[in-house]
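Undergrad: Quick one: sequence and predicted model below, then my questions.
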Amino acid sequence: MNNLLRVIQEINKPQAVLKFIPRHTSYVYFNYEREGNPPLIPYHNLQYVLDGKVTRIINGKTYICPKNSFFWLIPETKYAYKFSAGAHVAIIYLEITGKNIDKYFMPERILHITDAESILYFYRLIMAETLKKNTTENRIKLKSLFLFLLAELQEKPDNKQQKKYIFTESQQLQINLFIQNNVEKKIDSRNIAKILNLSRDYGMRIFKNTFGYSPRTYIMREKIKAASLEIMNSAPSIKKIAEKYGYDDIFLFSRLFKKVMGKSPALFRKENFIKIRY
């Protein structure tokens, strides 16, 4: 993940004036197996495998992308592909412009992550944003969402780590939906264990194996991410937003916000706040 961390650090520098311009967004479903060698694409190619399996060969190396895999190809990358029957893929083509743009991206030309469920929330937000009119506000928001996605990938535990017992896909979906629907409320491991009909101790162990964080840390991160979107897109004071998500202590909120987002809420708003014009 060192290259990914470098990308985040470089893009996030004040002098890195980059513009994110959406060029194409689509959901593609394959009823039958398909393979080929596509033409070179002049844009950044982001793809999330929603179902099935995709195989890619780049510079003689084979990348197997099962369900819930994410990969990102930089422009003009030559590759061969094979989609399994039933493969369902969410595709985003982005043009990213700026001074000395090449230094910001991976020298191996591809970023490949399996078990990438944690980024799907931000990936869907990016897809929704690319369908909107291309404005300055839209590009600012797109850059911020893209950084959130990268930061989430950087925080992901090592895919090679052995996980003997993990939640099923349906249990993971149940957990994430519960947290998203109750993110403004006070929730903890007891609530999660209850909806899954598990003991609290057993549920906490399986939770960490599955998500790489304790329930407390994972819930905190989801609250901070939800708050960050409001800080970026709405006018209420940071204190009011913090209180909305259960943080009456603004200093604690600021400390946790910086831990998750890499900067204070005030600085984050200053750099990313989008003014809504009526």
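TA: That came through fine.
Undergrad: distance of the closest residue to residue 218 other than its chain neighbours from residue 264?
TA: Spatial nearest neighbour of residue 218, excluding adjacent residues (CB to CB, 6 or more residues apart in numbering): residue 211 at 5.3 Å. Yep, even glycine has a C-beta here, placed from its N, CA and C like the rest. From residue 211 across to residue 264, the span is 26 Å (CB to CB, to the nearest Å).
Undergrad: These two: who's more crowded?
TA: residue 211 (21 against 14; other CB atoms under 10 Å).
Undergrad: Against residue 189, how distant is that one?
TA: According to CB to CB, residue 211 stands 12 Å off from residue 189.
Undergrad: same thing with residue 114?
TA: 27 Å.
Undergrad: And residue 92, by the same measure?
TA: Applying CB to CB to residue 92 and residue 189 gives a distance of 35 Å.
Undergrad: out of these two, which sits in the busier spot?
TA: Neighbour tally, residue 92 and residue 189, criterion other CB under 10 Å: the higher count belongs to residue 92, 23 against 17.
Undergrad: burial count for residue 222?
TA: Other residues near residue 222 come to 20 when the count uses other CB under 10 Å.
Undergrad: Please disregard the earlier target; I meant residue 116.
TA: 21.
Undergrad: Could I get the buried residue list for stretch 62-76?
TA: In terms of neighbour count (16 or more other CB atoms under 10 Å), stretch 62-76 has its buried residues at 63, 65, 67, 68, 69, 70, 71, 72, 73, 74, 75.
Undergrad: Skip the chain neighbours and tell me the closest residue to residue 22.
TA: Closest residue in space to residue 22, ignoring its immediate chain neighbours: residue 130 at 3.4 Å, by CB to CB, 6+ apart.
Undergrad: ugh, typo on my part, it should be residue 58
TA: Using CB to CB, 6+ apart and skipping residues adjacent in sequence, the residue nearest residue 58 is residue 79, 4.5 Å away.
Undergrad: Measure how buried the one you found is and give me the count.
TA: Other residues near residue 79 come to 18 when the count uses other CB under 10 Å.
Undergrad: ditto for the one 4 residues further on
TA: By other CB under 10 Å, 23 other residues sit near residue 83.
Undergrad: Output the below-cut-off pLDDT ranges for this structure.
TA: Residues of the chain meeting the criterion pLDDT under 70: 1-18, 99-108, 153-164, 273-278.
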